[in-house]
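A.B. asks: take a look and give me a structure for this.
(one chain, ligands or ions: 1)
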Amino acid sequence: MIPNPIVTFDNARLAYGSRVLWEGLDLQVQPGEFLAVLGPNGSGKTSFINTMLGTTSLDAGTVSIDGAPVRRGSDSVGLIPQQRPFGDNVPLRARDLVALGIDGTKPGIRLARRAVSAKVDELLELVGASGYANRAVSDLSGGEQQRLRAAQALAGNPKVLLCDEPLLSLDLHHQQAISEVIHHQAVQRGSAVIFVTHEINPILPYVDRVLYLAEGRFHLGSVDEVMRTEVLSELYGAPVQVLRVNGRIVVVSGDGNRALPPDGHDHAEDAGPAAGTPNTTGKRA
Ligand SMILES: Nc1ncnc2c1ncn2[C@@H]1O[C@H](COP(=O)(O)OP(=O)(O)OP(=O)(O)O)[C@@H](O)[C@H]1O
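C.D. replies: Modelled structure (predicted):
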């Protein structure tokens, strides 16, 4: 039996002024599903996440979580936000930050201190952060802080786990480890994972479907359906080649000379690739 979807977009549209980011989006995400969201800078990936957090409103259509209209601060939704360094004045240790994900926003459901501490230890271990559990958050590197954000989001065991470029500042080893932890959350605990990324390769083994946003349009389907030369060329309105190299996906600009990340965006050159090619906190909101 197919379970009820946990996230449902119905004929959804998001525009800022005259600029349409996406429209006509019908999407149902099932518990345990892993959805990757790709697209070039400014295509609307973070805005898509924000509509599920209730911090950005659709201008047509609906989005619901667990059968109810989206609302801010829902316990059903967890977020690993885009990386922003914590300021020097954050007076927290690593373990305090993770603990906020357990009891920070739930008056009345406080666990005994010892239980919280054990749970924090478990989460720190999961993301490979036990070694700096007692250090001040503001003294940690970007990647170390990002692993804590992942632990904090997992602490609430959310039905929907929103991840906004969670691997950005991580080294390869920790990209792999955090991807595995997030996949485990989907498979073992049934969270629907919605994972915004510029780099699909670290999560390629786990992705069930891809939502690719570009040029005010989108394409939704399996990796094999979406990450294809014809599909991405049509989406961008310019020639792109999608290659598989040693199990990795490489997107190459239309002239075939330059490899781009799988989102088609040339991060080394923000003006975009060669002419004629695609240009390409805590806990809950
Ligand atoms: N509140 C807002 N009002 C007007 N424009 C906005 C607003 N929020 C975002 N935008 C614009 O909408 C576009 C999409 O932004 P968004 O952050 O969703 O893109 P993104 O795909 O996540 O980009 P990136 O890959 O760079 O993180 C951008 O051009 C951005 O400037």
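A.B. asks: assess the claim that Asn80 and Ala151 are in contact.
C.D. replies: In this structure residue 80 is Ile, not Asn. No: checked against Cβ atoms under 8 Å, the pair Ile80 and Ala151 is beyond contact range at 9.4 Å. C-beta: built from backbone N, CA, C; applies to glycine.
A.B. asks: so for these two, which sits in the more crowded spot?
C.D. replies: Ala151 (28 against 25; other Cβ atoms under 10 Å).
A.B. asks: the more buried one: which element?
C.D. replies: Element membership for Ala151, per DSSP states H and E: helix 142-155.
A.B. asks: mind listing what's buried along that helix?
C.D. replies: 143-155 (16 or more other Cβ atoms under 10 Å).
A.B. asks: and that helix, C-alpha only, in CSV?
C.D. replies: What follows is helix 142-155 as a C-alpha-only set of coordinates in CSV (Å, rounded to 0.1, in the frame of the first residue of the first chain):
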residue,chain,number,x,y,z
GLY,A,142,32.3,26.1,9.0
GLY,A,143,32.2,22.4,8.3
GLU,A,144,32.2,21.5,12.1
GLN,A,145,29.4,23.9,12.7
GLN,A,146,27.5,22.5,9.7
ARG,A,147,27.6,18.9,11.2
LEU,A,148,26.1,20.3,14.4
ARG,A,149,23.2,21.8,12.4
ALA,A,150,22.6,18.4,10.9
ALA,A,151,22.6,16.8,14.3
GLN,A,152,20.2,19.5,15.6
ALA,A,153,17.8,19.0,12.7
LEU,A,154,17.8,15.2,13.2
ALA,A,155,17.2,15.5,16.9
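A.B. asks: now for it, which elements pack on it?
C.D. replies: Using 3 or more Cβ pairs under 8 Å, 6 or more residues apart in numbering; DSSP states H and E as the contact criterion, the elements in contact with helix 142-155 are strand 77-80, helix 94-103, helix 113-126, strand 160-164, helix 172-189.
A.B. asks: and the second one, how far out from the chain middle?
C.D. replies: Right, helix 94-103. Averaging C-alpha coordinates over helix 94-103 and over its chain gives two centres that are 21 Å apart (Cα atoms, centre = their mean, to the nearest Å).
A.B. asks: same deal with the fourth one?
C.D. replies: Averaging C-alpha positions (Cα atoms, centre = their mean) puts strand 160-164 5 Å from its chain's average.
A.B. asks: ok, residues contacting it?
C.D. replies: The set of residues external to strand 160-164 that reach it, using Cβ atoms under 8 Å, 6 or more residues apart in numbering, is 6-7, 29, 45-46, 49, 52-53, 65-66, 76-82, 153-154, 182, 185-186, 191-197.
A.B. asks: what's the pLDDT at Val7?
C.D. replies: For Val7, the model assigns a pLDDT of 97.
A.B. asks: contacts only, for it.
C.D. replies: Val7 sits next to Leu27, Gln28, Val29, Met52, Val63, Ser64, Ile65, Val160, Ala192, Ile194 when contact means Cβ under 8 Å, 6+ apart.
A.B. asks: mind listing what the third one touches?
C.D. replies: In this case it means Val29. By Cβ under 8 Å, 6+ apart, the neighbours of Val29 are Pro5, Ile6, Val7, Thr8, Leu35, Val160, Ala192, Ile194.
A.B. asks: and stretch 75-91, end to end?
C.D. replies: Using Cα to Cα, to the nearest Å, the gap from the first to the last residue of stretch 75-91 comes to 25 Å.
A.B. asks: now do the contacts for Pro217.
C.D. replies: No, residue 217 isn't Pro; it's Arg. If you count contacts by Cβ under 8 Å, 6+ apart, Arg217 has them with Trp22, Leu235.
A.B. asks: who's it bridged to?
C.D. replies: The residues paired with Arg217 through beta bridges, assigned by DSSP bridges, are Ala214.
A.B. asks: if I look at it, how far off is the ligand?
C.D. replies: Computed as Cβ to the nearest ligand atom, to the nearest Å, the Arg217 to the ligand distance reads 13 Å.
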